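Pasting the sequence and the predicted model now:
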Amino acid sequence: MLAFPSCKINIGLQLIERRADGFHNLLSAFYPVGWTDVLEIIPAISDKTAANQPVANELVTFTTSGLPIPGDPDPARNLCVRAYHLLQADYDLPPVQMHLHKIVPIGAGLGGGSADAAATINLLNEQFALGLTVAQRENYARELGSDCAFFIQNKPQYCIEKGDVFESINLDLNGYHILLVYPNLAISTAEAYAGVTPRQPDTPLRALLEAPIEQWRDTVHNDFEDSLFPKYPLLGEIKAQLYEAGALYASLSGSGSTLYGIFNAPPNSPPPFSRYTVWKSQL
Ligand SMILES: C[C@@](CO)(OP(=O)(O)O)[C@H](O)COP(=O)(O)OP(=O)(O)OC[C@H]1O[C@@H](n2ccc(N)nc2=O)[C@H](O)[C@@H]1O
Ligand SMILES: Nc1ncnc2c1ncn2[C@@H]1O[C@H](COP(=O)(O)OP(=O)(O)O)[C@@H](O)[C@H]1O
């Protein structure tokens, strides 16, 4: 079976407090974006002379193409393989062959790896008729990463606590256009969190998002920008260029390094962005 795990942007991200477990409580709106990887999972064929080499262990044959993934050549660390083992432990799954074609940039604040893991859970649930509910699949996903559970349903959500608990939100950007700019610079999530100073927001994000998008520029903020823009000035420059290109709203996504702009009409990819990895689409 085939899936196209897509990524997310964060619209606003308020880092509220450091928790006793070392993680941070936050408020953020997660919004799905259609830049996707390709993931195929099939029951294993027994012919070991086939082109795919068994690499992780006897249960999973995992191969990749496209962007190189940090952690290769140790595929056991890949979130897809970890997701398989999580379910295998409880459901005694048969051996599988998995292939991931990696397209979404890595260390980009787009949650691409988490999306792959969630897609693995959803595919295995379907392929082997496990009958897992959304809540059960989200619980497995939470074990793999804070933003992983979001991708089980992959719909706009208001995220609280570690970013893994959801409240519904009426946020519809249908018809707007988005331009993502990945500056070919990976930022590790742990590194980004290590630099933040959390604080209680004056106004919780949910109230700010109720205003029209034209007002967000002055109110809706990603708190990671405060520590990452001074460290990587390029990020602030790209955000300014997105506004110069006509964005109604522009921001860093998650813990970076991708910047995005939301536009009324299809944006050009003007010269400042041509040296970066860009992706654009209608939302
Ligand atoms: C920042 C966000 C915002 O949406 O996304 P990305 O930009 O990475 O896509 C998420 O909070 C990232 O979630 P995820 O990438 O799943 O992080 P995890 O693997 O759970 O954690 C990686 C590390 O980030 C820190 N961490 C993560 C989540 C959280 N709420 N507080 C934290 O302090 C911890 O140091 C942890 O060890
Ligand atoms: N399938 C995967 N795709 C991408 N990264 C993966 C995957 N599996 C494990 N990882 C690890 O997760 C880390 C960050 O993943 P990613 O989700 O792309 O970043 P971000 O947290 O910035 O959204 C990478 O450093 C990589 O080592």
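Received the coordinates, thanks. These figures come from a predicted structure and were not determined experimentally. Ligands and ions are numbered 1, 2, ... in the order given.

so which residue of this protein comes closest to ligand 1?
Gly254 (2.2 Å; CB to the nearest ligand atom). Using the backbone N, CA and C atoms, a C-beta is placed for each residue, glycine as well.

Run through the residues that contact the residue nearest to that residue when sequence neighbours are not counted.
In space, and not counting its chain neighbours, Gly254 is closest to Gly109: 3.2 Å by CB to CB, 6 or more residues apart in numbering. Gly109 makes contacts with 10, 187, 224, 252-258, as judged by CB atoms under 8 Å, 6 or more residues apart in numbering.

If you count contacts, what does the helix ranked longest in the chain end up packed against?
The helix that spans the most residues within the chain, counting by DSSP state H, is helix 112-127. Using 3 or more CB pairs under 8 Å, 6 or more residues apart in numbering; DSSP states H and E, the elements in contact with helix 112-127 are strand 2-3, strand 6-18, strand 38-43, helix 79-91, strand 96-102, helix 134-142, helix 150-153.

export the ones you listed to TSV and tack on mean neighbour count, mean pLDDT and distance to ligand 1?
Formatted as TSV, these follow (neighbours: other CB atoms under 10 Å; pLDDT from 0 to 100; distance: least, CB to the nearest ligand atom, whole Å):
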stretch	mean neighbour count	mean pLDDT	distance to ligand 1
strand 2-3	15	98	19
strand 6-18	22	98	5
strand 38-43	17	97	18
helix 79-91	19	97	9
strand 96-102	21	97	15
helix 134-142	17	98	9
helix 150-153	24	98	8
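
that older thread, burial check on the residue of the chain closest to ligand 1, number of neighbours?
25 (other CB atoms under 10 Å).

list the contacts for Gly107?
Counted by CB under 8 Å, 6+ apart, Gly107 has contacts 70, 186-189, 257.

Take these and keep only those in helices.
Thr189.

Which members of the contacts of Gly107 are classed as buried?
187, 189, 257 (16 or more other CB atoms under 10 Å).

what does the protein have sitting close to ligand 1?
10, 23-24, 26, 28, 109, 111, 114, 145-148, 162-163, 189-190, 193, 254-255 (CB under 6 Å from any ligand atom).

So which of those are in helices?
114, 189-190, 193.

Restrict the residues you listed to the buried ones and give me that as a PyMOL selection.
Applying 16+ other CB under 10 Å to these, the buried members can be selected in PyMOL as follows:
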select buried, resi 114+189+193
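
what is the mean pLDDT for stretch 118-127?
In this model, stretch 118-127 has an average pLDDT of 98.

Run through who's touching that stretch.
The contact list for stretch 118-127, computed with CB under 8 Å, 6+ apart, reads 1, 3-5, 39, 41, 43, 79-80, 83-84, 86-87, 93, 96, 98, 130-132, 137, 140-141, 148-152, 154.

Let's see that with 6 Å instead.
Outside stretch 118-127, the residues that touch it by CB atoms under 6 Å, 6 or more residues apart in numbering are 1, 3, 5, 39, 41, 80, 83, 87, 132, 137, 140-141, 148, 151-152.

which among those gets closest to Gln215?
Checking those against Gln215 with CB to CB, the nearest one is Phe151 at 29.0 Å.

That closest one reaches Gly113, doesn't it?
No. Contact criterion CB atoms under 6 Å: Phe151 and Gly113 do not qualify, at 10.0 Å.

what's the burial count for Ala240?
Count around Ala240 with other CB under 10 Å applied: 13.

Next: the one 5 residues further on.
Close neighbours of Ala245, defined as other CB under 10 Å, add up to 18.

Sounds good, over and out.
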